[in-house]
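> quick one, fold the following:
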Amino acid sequence: MLPVNKHCYFTVLRLLWFFSLLPHILPGQNAPGSQIDIYRAQGAITVDGILDEPAWTNAQVAKDWYLNYPVDTVRAPFQTEARVTFDDQFFYFSFICYDDASPDFIHSLRRDFEYPLNDNVGINIGPYNDRLNGFFFTLTPEGVQREGIVIGGGAGGDAFNTYWDNKWYSKVVRHKDKWIAEGAIPFKSIRYKGGLDEWNILFDRADRKRNQKSSWIRTPIQYRTGMFAYSGQLIWKDPVPPPGLNMSFIPYLTGSLSRDNEATPTESVSDMQFGFDAKVGLSPSLNLDLAFNPDFSQVEVDEQIINLTRFEFRFPERRQLFLENSDLFNRAGLPEARVFFSRRIGLVRDSSGLFQRIPILYGARLSGSIDRNWRISFLNTQTKKQPSLGLPAQNYTVATIQRNFWAQSSVALTFVNKESLGVSSEDSLTYFHQSLWREIMHNNRSVLRKNTFNRVLGVDLELLSKDTKWHSSFFAAQSFDDFHKRGNLTGGIFFEYTTRNIYIRLRPTYIGEYFNAEAGFVPSYNVYPGQINFKNSINYNFYPSHKSIVSMGPVVEINHSYIPGGSLTDKEYSFGYAFNFVNTATLELTYDYTYQQLTNSFNPIDRRRYTNFSAGEDYDWHTASVVLQTNTRKLINAMLGTTYGGFYNGTNLNINGQINFRYQPYGNISLRFDYNDLRLPNGYGMEKLFLIGPRIDLTFTDKLFLTTYYQYNNLLNNMNLNTRFQWRYKPASDLFIVYTENYLPRGFTSRNRAIVFKFTHWFNL
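Numbering: from 1, shown residues only. From the prediction side, this is the model:
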């Protein structure tokens, strides 16, 4: 017998141990592009959370899921299995989510739940097979639904839009060692291209009670599990059903009673309105949406803010009319200059700074895909004349055509037109709302001119690497109006680079002196005579071997702004350090240096009561900030932030945050607050500004909700109460009762109040 070398013996043992771990550590398993086959179901399927039909027994299984967070190097300790099948009417999916008997983490029973605050499992499908656009459908262990659209492949802050609403069916059954979810999506509820035998598909699961995320396709920790760059391929072994008549009719009826106590004399108005939405599938992937006399009374009021900057704040769009395929419009340009912003339609600020609704007469939108590479979106809406606000009837047209190429890249051309109708030269200037006139220089003097039209033409080029490590975009736009023929160009570049440890962002932009996008969003429009921006940031992430910390690292931002001619107007240097903890808590420490040379006069509090900062003056100051988010899984948790330091020629102490109490899963009480102790010398203003917003959110069942929201903002000198009751009596069909009232803080005097009921029903024709 040959002698055995002890060193060789242990070497062989180590190799055997290493190869035994390969299935758990090699990145090749469940790689992007992995395939799952789908077959037509043989026999009927009942959506009951019991997977006893032959179609489920014979379906291919997406298994061996990997963790994405808090680590991305091992398989999930609690595995998930996904299956798919279909028949002539429905696309079916199911999940077996292995678990233990510990309580699920459920924030509420509200539909379209907050993703970070609930255990959930979901499917993303890309029916265009372009790794850019698609839909997601998600369920919690309590059976609560969440659906929406995927934009731009899932990259970017607005990549998942939950305001898209549609009809689908599901059932969840809880067991001691697992929970089973089953869903059925009508083919009529989604858009898809005919003739394709492959779709993009991905499955992911958020195990919030353990602060873990996992997915079928192995996804690096620095990326979201919902990104199509890390999706698989759904292979249709049997043909996708050809679309039949795809038409939905959603009528509504509203009744309201309102009272305006600030009018002279006091006005009480009762009203009854009827309108409808209609969805017509012109092809499997091209849809026509029509709205007559649309009503948005059920949409939640905006969360008020204390804005001490010179720039306009961008509130989110929540109205269904403007949501589907909205990425083609909303992503045109860069954040410094968006050529279209749908909230410009049907909303206008009054003299007190609050938004007033402008009735919309109709809306029509044609959107979707022409073929594998071409997408279009066309929107036309018209608002009604509002003499009390100085607004004529206005028509808005927005059109975009997009050409996809390479893996996830595209080029798009966008045209926006705003037209004021019925405006004649005899109309008095005092009739117009401030948005309908312009102050221009004529013969070396300032004159006011009426503004009847505005047009913008823009082009965007998006380049995204297959693994999303590199992302860049380029845009250019020009505006057209009656006032200026030059200086109305804008353009910019966006570049970002993302790896496991480093994130780099560069965003230079140029805004022409007279660039005017009235139906867009240019926050600096009334602040600068044109602007050149350089906004740059870099983050570095460490992943320490620490039982409490997932990641940590420095964050650096450097921003410079210039006006045409090269004069520096703004610079900001920000240095921070951020921690992400295993228990979901986060902590960020930041130091900021700010310099501003003003190009216009303003006062952050009230320019009518205090001395204004004047154009040409320059200021610089330093601030320090701390932001802490406590463990979100606790029944009581909070986000707390404070900033102290200079502010122009004085100081400001800011304390802000939100405290939350959860009575799982039926009730949530939160208190949002923002306090500023602003001390400016020499008559510039010394005020204690605060905003307080308690909110009670009751979810009695997954179909019955009551929300009460109160806001007091002493900067706006307004108190607002909004109460909304919702009963989803059938899928995508609702009854709403909404009560709203605005008060003057002194004496709680009612300014106005209204109660509205709204009834909607979704018919598939």
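
> helices of this structure, residue ranges please.
Assigned by DSSP state H, the helices in the chain fall at 6-25, 54-58, 327-330.

> show residues contacting the shortest one.
To tie it back to what came earlier, the one meant is helix 327-330. Helix 327-330 has contacts (Cβ atoms under 8 Å, 6 or more residues apart in numbering) with 133, 149, 151-152, 158, 161, 317, 338, 340-342, 367, 375-377, 379, 398, 400, 402, 412, 414. For glycine as for every other residue, the C-beta is placed from the backbone atoms N, C-alpha and C.

> pull the number of nearby residues for the residue lying closest to residue 744 once chain neighbours are set aside.
Of all residues not flanking residue 744 in the chain, residue 751 sits nearest, at 5.9 Å (Cβ to Cβ, 6 or more residues apart in numbering). Look at residue 751: counted by other Cβ atoms under 10 Å, it has 17 neighbours.

> spatially central residue in this structure, please.
Nearest residue to the geometric centre of the chain (Cα atoms, centre = their mean): residue 158, 4.2 Å.

> mind pulling up the pLDDT for the residue nearest to that residue when sequence neighbours are not counted?
Spatially, and ignoring its direct neighbours in sequence, residue 158 is nearest to residue 151 (6.4 Å; Cβ to Cβ, 6+ apart). We have a pLDDT of 82 for residue 151.

> looks like residue 151 contacts residue 323 (just checking).
No: assessed by Cβ atoms under 8 Å, residue 151 is found out of contact with residue 323, at 10.6 Å.

> anything in contact with each of these two?
With Cβ under 8 Å, 6+ apart as the test, residue 151 and residue 323 both reach residue 161.

> just the buried residues of the contacts of helix 327-330.
133, 149, 151-152, 161, 317, 338, 340-342, 367, 375-377, 379, 398, 400, 402, 412, 414 (16 or more other Cβ atoms under 10 Å).

> now, which of the contacts of helix 327-330 lie within strands?
Those of those mapping onto strands are 149, 161, 338, 367, 375-377, 379, 398, 400, 402, 412, 414, per DSSP state E.

> now distance to residue 692 too, for those, in a markdown table please.
Output for the ones in strands among the contacts of helix 327-330, formatted as a markdown table (distance: Cβ to Cβ, whole Å):
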| residue | distance to residue 692 |
| --- | --- |
| 149 | 34 |
| 161 | 30 |
| 338 | 31 |
| 367 | 41 |
| 375 | 44 |
| 376 | 46 |
| 377 | 40 |
| 379 | 38 |
| 398 | 38 |
| 400 | 41 |
| 402 | 44 |
| 412 | 43 |
| 414 | 40 |
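
> tell me the one of those residues nearest residue 272?
residue 379 (28.0 Å; Cβ to Cβ).

> pretty sure that closest one sits against residue 365.
Yes: in this structure, residue 379 is within contact of residue 365 by Cβ under 8 Å, at 4.6 Å.

> residues in contact with the closest residue to residue 61 other than its chain neighbours?
Nearest residue to residue 61, sequence neighbours excluded (Cβ to Cβ, 6+ apart): residue 81, at 5.2 Å. By Cβ under 8 Å, 6+ apart, the contact list for residue 81 reads 61, 62, 63, 95, 96.

> which among these gets closest to residue 349?
So of the contacts of residue 81, ranked by how close each gets to residue 349 (Cβ to Cβ), first place is residue 95, at 46.2 Å.

> what's the local residue count around residue 296?
15.

> contacting residues around the closest residue to it other than its chain neighbours?
Nearest non-adjacent residue to residue 296, counting by Cβ to Cβ, 6+ apart: residue 319, 4.9 Å away. Residues in contact with residue 319, defined by Cβ under 8 Å, 6+ apart, are 294, 296, 299, 342, 346.

> quick one, grab the pLDDT at residue 26.
Looking at residue 26, its pLDDT stands at 43.

> show me the strands in the stretch 201-350 of the chain, by range?
Using DSSP state E, counting those that start in this stretch, the strands of the stretch 201-350 of the chain run over 212-215, 232-236, 247-260, 267-283, 286-292, 333-334, 337-338, 347-349.

> any chance you could list what contacts the fifth one?
The contact list for strand 286-292, computed with Cβ under 8 Å, 6+ apart, reads 191, 275-282, 321, 324, 360-370, 376.

> mean confidence (pLDDT) on that strand, please.
Computed over strand 286-292, the average pLDDT equals 89.

> give the buried residues for that strand.
Using 16+ other Cβ under 10 Å as the test for burial, strand 286-292 gives 286, 287, 288, 289, 290, 291.
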